[in-house]
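S.K.: I need the structure of the sequence given here:
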Amino acid sequence: MPKKISPEYRRAIHLNYTAKPENRIKLRTRERCAWAIKAGKLIRQPCEKCSAEKSETHHDDYSKPFDVRWLCRRCHAAEHHKSHCIRGHALTPDNIIIGRGNGHRRGCRQCNRAFDSRKRIIKKQLQAKQQN
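M.R.: Down below sits the predicted model:
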């Protein structure tokens, strides 16, 4: 059973997300698109990859809120499934770390090694300061 998230924590996450300008643009685009669907100005279409009836919007460019691609949830997830990490390393089978839990969190082994080495260096520096 998943943990219950307190309303305060959920609000803090939301405020942190909306503090970034690029995320505000995404939210505004999604809101405008949802409004257009409800108003009947944007007609829901079947998935463009597998023709499933139940579909959702995918924006390739958030500056164009009504230029959407209709994808089912499975195809939409596959569209966002990245082949490279944010630092450009290829996420090949030998460079992927699968997180604990449900196994959906993938990480880059190279980035993880770099993070661990930086963490070790900082830890040694703190220990040296404490000894002096």
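S.K.: mind checking the SS state of G107?
M.R.: strand (DSSP: H, G, I helix; E, B strand; the rest coil).
S.K.: what about it, how many neighbours?
M.R.: 15 (other C-beta atoms under 10 Å). No exception for glycine: its C-beta is placed from N, CA and C like everyone else's.
S.K.: before we move on, what about H14?
M.R.: The number of residues packed near H14 is 11, by other C-beta under 10 Å.
S.K.: Show me what the helix or strand where it lies is packed against.
M.R.: According to DSSP states H and E, H14 maps onto helix 7-18. Counting contacts by 3 or more C-beta pairs under 8 Å, 6 or more residues apart in numbering; DSSP states H and E, helix 7-18 is packed against helix 21-39.
S.K.: buried ones in the helix it packs on?
M.R.: If you call a residue buried by 16 or more other C-beta atoms under 10 Å, then helix 21-39 has these buried ones: 29, 33, 36.
S.K.: what angle do it and helix 7-18 make?
M.R.: 100 degrees (axes from the mean of the first three to the mean of the last three C-alpha atoms, to 10 degrees).
S.K.: contacts for helix 21-39?
M.R.: By C-beta atoms under 8 Å, 6 or more residues apart in numbering, the list of residues contacting helix 21-39 from outside reads 17-18, 42-44, 57, 59, 62-63, 65-66, 68.
S.K.: ok, now how distant is the most centrally placed residue in the chain from R113?
M.R.: In the chain, the residue lying closest to the centroid (C-alpha atoms, centre = their mean) is H80, at 8.1 Å. Here H80 is placed at a distance of 25 Å from R113 (C-beta to C-beta, to the nearest Å).
S.K.: what does C72 give?
M.R.: 37 Å.
S.K.: again with I25
M.R.: In terms of C-beta to C-beta, I25 sits 34 Å off from R113.
S.K.: what separates the helix or strand hosting Q110 from the chain centre, distance-wise?
M.R.: Take DSSP H and E as the rule and Q110 turns out to sit in helix 109-131. Offset of helix 109-131 from its chain centre (C-alpha atoms, centre = their mean, to the nearest Å): 27 Å.
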